[in-house]
Structure formats: C-alpha cells, structure tokens
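A.B. asks: when you get a sec, could you give me coordinates for this:
(one chain, ligands or ions: 2)
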Amino acid sequence: MTQLPEYAIIVAGGSGSRMQHDIPKQFIEVAGKPILMRTVEQFYKYNPQIRLVVVLPQEQQNTWRSLCKKHNFKLFHMTVPGGRTRFGSVKNGLDTVLGDALVAVHDGVRPFVDVATIKDAFETAASNGSAVVAVSPKDSIRELTEEGSRAVPRAKYKLVQTPQCFQAGVLRKAYEQPEQEHFTDDASVVESIGERITLVEGSYRNIKITTPEDLILAEAFASQGF
Ligand SMILES: Nc1ccn([C@@H]2O[C@H](COP(=O)(O)OP(=O)(O)OP(=O)(O)O)[C@@H](O)[C@H]2O)c(=O)n1
Ligand SMILES: C[C@](O)(CO)[C@H](O)COP(=O)(O)O
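C.D. replies: Ligands and ions are numbered 1, 2, ... in the order given. Model (predicted):
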C-alpha cells in the first residue's frame, strides 16, 4: 500500500462482441463465479481500503446487482455507467476520483492479475508517476508492409496488459484531450500529453478474456486456484 489514496477503475463497459456469447462476457461464470467478481476481488485482496469503481453499461447494472446478491458479493464498490468506447468508460470512472490519488485502470475481464503485480504497479507509479504492466512476446513478430511483411526484432517489443497505474492529476489531464483512433489503452492516452511511461513486469496468466477459447484457459487457471 502507498501513502496516497488508491483507486481501481475496473472497466467492464464493452459489448464483448468477440466472445460471441449470449451473456455479457464479464458476467460469464468461471468455476462458478462471474469473471468481473474475480477481478474486483484481486484488488480488494491487494488493499482492503482501495476505492473500487466498476464501470458497466447502464443497462447491465440491475443484472450486476442481482448477481452480487446471488453470489453474496459484499465488497463495497461504486458503479458508474460505461462510455461508447473504452476511453469514454475510463473517463466516466475518473469522475469519481477525488483529489490527489493513485489510480489503477484495469480491464474487468482480466481476473487472473496477481496481487504482487498490482502492488508493483502502485509502488512504481508512486515513485515514477506511471506503471504499465507488460510481458515479452513469446512468438516471432512480423510487421505488415506494402509488399507483404517483414521480420522485426522481438526483443524490442512488449505486450501490454493492465493494470495501468498513474498519478490522478496526470490521468485527469490526459483524459481531457479529445479521443484519438490509436488510444487502445491508458498508456497511449497519457503518453500523448508528453508523459513518460514506466513498464513493470506482468504475468502470462493475466489474460484478457476476449474470445471463446480464453474461457477454457480461464477454467484451467481457476481450477489451479489462481
Ligand atoms: N466501451 C467500452 C469498451 C470496452 N471496455 C472495457 O475494456 C476492456 C477491454 O476491452 P475488450 O476486451 O475489447 O472488451 P469489449 O470491447 O467488451 O470486447 P469486444 O471488442 O470483443 O467487443 C473490457 O473489460 C471492456 O469491458 C469498456 O469499459 N467500455
Ligand atoms: C487495455 C488493453 O487490455 C491492453 O492490452 C487493450 O489495449 C484493450 O484492447 P481492446 O481492443 O479494448 O480489447
């Protein structure tokens, strides 16, 4: 835990179109528990005093309340409406952040984030201003070109995960700018106002549950107690 108040903005405002499932992917149960609940619990385990902000589409909020009741999920959290894009959802979450603080933004569908990773991200952001979790690619990488494609040096690349943790003031300033096409995460938004991004080591288990086969992996991780 750091000296400043800590927030986790857990974004689950997307439509989950790539999952092709009949219920929103954040509500799919993995080993009997909705994915989003697992994610929120990891942040509570890191710091029971953390301020938890869950971003969900307005029309899913009643379902979420019912799920919390059904699963006897009592962790205190705020719920705010999602935006049209991830950028909009993070912006809505940020409106709840008061004063000086450290803010972690995390995908609601990354339930296997380690407590140690969350700790590392907050501590690094406290000293460096930012901390973005990333891992090294395991596959070779090719860049698409007009002629076809060409090999690029893998050692020069990282695969970016969440949490992405920042000083609240920096994140607020970054999210005041207009949204741009290349804003796929918080690091790209913050970098575009000239701030430096510090990377911290993530974990290959910290998958973003995106497509149907990710659910098989998720069940396997959960059955191993992760
Ligand atoms: N308008 C949006 C879009 C995305 N997200 C969140 O950002 C995270 C990463 O996005 P992704 O996995 O792509 O989720 P979806 O946008 O829901 O999925 P898809 O692109 O397959 O539709 C998810 O937790 C998602 O809920 C969000 O809060 N608000
Ligand atoms: C934020 C993120 O999970 C980092 O890898 C990713 O950029 C989200 O992308 P998506 O297209 O919204 O899944």
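A.B. asks: what number of residues lie near residue 75?
C.D. replies: A count of neighbours around residue 75, defined by other CB atoms under 10 Å, yields 14. Using the backbone N, CA and C atoms, a C-beta is placed for each residue, glycine as well.
A.B. asks: swap in residue 45?
C.D. replies: 12.
A.B. asks: quick one: the nearest residue to it once chain neighbours are set aside and ligand 2, what's the gap?
C.D. replies: The shortest distance from residue 45 to any residue other than its chain neighbours is 5.1 Å, reached at residue 115 (CB to CB, 6 or more residues apart in numbering). Residue 115 sits 19 Å away from ligand 2 when distances are taken as CB to the nearest ligand atom, to the nearest Å.
A.B. asks: phi, psi of residue 115?
C.D. replies: Main-chain torsions, residue 115, degrees, to the nearest 10: phi -60, psi -40.
A.B. asks: does it touch residue 44 like I think?
C.D. replies: No. Contact between residue 115 and residue 44 fails when scored by CB atoms under 8 Å: they sit 9.8 Å apart.
A.B. asks: span of stretch 1-11 from start to end?
C.D. replies: With CA to CA, to the nearest Å applied, stretch 1-11 spans 22 Å between its terminal residues.
A.B. asks: that stretch vs ligand 1: in contact?
C.D. replies: Yes. Figure legend: stretch 1-11 in contact with ligand 1 (CB under 6 Å from any ligand atom); contacting residues residue 11.
A.B. asks: so does the longest strand seen in the chain get close to ligand 1?
C.D. replies: Counting residues, the longest strand in the chain under DSSP state E turns out to be strand 159-167. No. Counting by CB under 6 Å from any ligand atom, no contacts exist between strand 159-167 and ligand 1, the nearest distance being 8.0 Å.
A.B. asks: how would you label the residue nearest the centre of the chain: helix, strand or coil?
C.D. replies: Centrality entry for the chain: nearest residue to the mean C-alpha point is residue 106, 1.9 Å, by CA atoms, centre = their mean. Using DSSP: H, G, I helix; E, B strand; the rest coil, the three-state assignment for residue 106 comes out as strand.
A.B. asks: who's it bridged to?
C.D. replies: Here residue 106 shows beta-bridge partners residue 10, assigned using DSSP bridges.
A.B. asks: surely it touches residue 39?
C.D. replies: Yes. Look at residue 106 against residue 39 with CB under 8 Å: they come within range, at 6.9 Å.
A.B. asks: follow-up on the earlier one: what pLDDT does the model give the residue nearest to residue 45?
C.D. replies: Predicted confidence (pLDDT) at residue 115: the value is 98.
A.B. asks: tell me how many other residues surround it.
C.D. replies: By the criterion of other CB under 10 Å, residue 115 has 13 neighbours.
A.B. asks: residues contacting it?
C.D. replies: By CB atoms under 8 Å, 6 or more residues apart in numbering, residue 115 lies in contact with 42, 45, 46.
A.B. asks: give me the pLDDT for the first one.
C.D. replies: Per-residue confidence (pLDDT) for residue 42: 98.
A.B. asks: secondary structure element for it?
C.D. replies: Secondary structure assignment for residue 42, by DSSP states H and E: helix 35-46.
A.B. asks: who does that helix touch, helix- and strand-wise?
C.D. replies: Taking 3 or more CB pairs under 8 Å, 6 or more residues apart in numbering; DSSP states H and E as the contact definition, the neighbouring helices and strands of helix 35-46 are strand 6-11, strand 51-56, helix 61-70, strand 102-107, helix 115-128.
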